[in-house]
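**Student:** A predicted structure for the sequence below; I have some questions about it.
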Amino acid sequence: MPDDKIFVDTNVFIYSYDVTAGEKHIAAGNIMQDLWNSGLGMTSTQVLQEFFVNVVNKIPKPINGRQAREIVHDLLKWQVVVNTGDTIIGAIDIHLKFGYSFWDSMIIEAAITGGAEFLLSEDLQDGQIIGGVTIKNPFSLPPADR
């Protein structure tokens, strides 16, 4: 498993920059550092868009737009799945089959499309496997096991 790609959902990115998030901030920061070091991180255009909007407008201590732009620019060095018509159709199929919201289904479909082994998200069912991608909630484990 050392070369398995790991798709990162918006909440992990947000917590890594939200200094008010306590333990989740620390955990997300560690995850991000590990993914930068390993080169195994991947995400999607949707996640980067959601990250930008949330860190400049919605977290308790927002980041200024220029700093958030630089973070997004750096994250573009990762493998980034660009959503297409096929991604949308795949997301609709996931929505219809599993009952996730359309936007969560887009995240799952992007992870599948990108060839991820794991999808890190606190918003989805931990341990569920969809299209060969295992969903993991990185905040559900004790700190020593993350």
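**Tutor:** Nice, I can see it. Numbering: from 1, shown residues only.
**Student:** Residue 5 touches residue 38, doesn't it?
**Tutor:** No. Counting by C-beta atoms under 8 Å, residue 5 does not reach residue 38; the two are 9.9 Å apart. Placement of C-beta: from N, CA and C, glycine included.
**Student:** ok, those two, which is more surrounded?
**Tutor:** Shown here are residue 5 and residue 38; by other C-beta atoms under 10 Å, residue 5 has more neighbours (20 against 13).
**Student:** Quick one: residues contacting the residue lying closest to that one once chain neighbours are set aside.
**Tutor:** Counting by C-beta to C-beta, 6 or more residues apart in numbering, the nearest residue to residue 5 once its immediate chain neighbours are dropped is residue 116, at 4.6 Å. Residues counted as contacts of residue 116 (C-beta atoms under 8 Å, 6 or more residues apart in numbering) are 4-7, 42, 133.
**Student:** One more: residue 103?
**Tutor:** Going by C-beta under 8 Å, 6+ apart, residue 103 touches residue 46.
**Student:** Check which helix or strand it maps to.
**Tutor:** According to DSSP states H and E, residue 103 maps onto helix 102-114.
**Student:** Grab the CA positions of that helix and hand them over as PDB.
**Tutor:** Extracted as PDB, the C-alpha positions of helix 102-114 are listed here (Å, rounded to 0.1, in the frame of the first residue of the first chain):
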ATOM      1  CA  PHE A 102     -24.900  15.000  -5.600                       C
ATOM      2  CA  TRP A 103     -21.900  17.100  -4.400                       C
ATOM      3  CA  ASP A 104     -20.600  14.300  -2.200                       C
ATOM      4  CA  SER A 105     -21.100  11.900  -5.100                       C
ATOM      5  CA  MET A 106     -19.000  14.200  -7.300                       C
ATOM      6  CA  ILE A 107     -16.200  13.800  -4.800                       C
ATOM      7  CA  ILE A 108     -16.500  10.000  -4.700                       C
ATOM      8  CA  GLU A 109     -16.600   9.800  -8.500                       C
ATOM      9  CA  ALA A 110     -13.500  12.100  -8.800                       C
ATOM     10  CA  ALA A 111     -11.600   9.800  -6.500                       C
ATOM     11  CA  ILE A 112     -12.700   6.800  -8.600                       C
ATOM     12  CA  THR A 113     -11.800   8.500 -11.800                       C
ATOM     13  CA  GLY A 114      -8.400   9.500 -10.500                       C
END
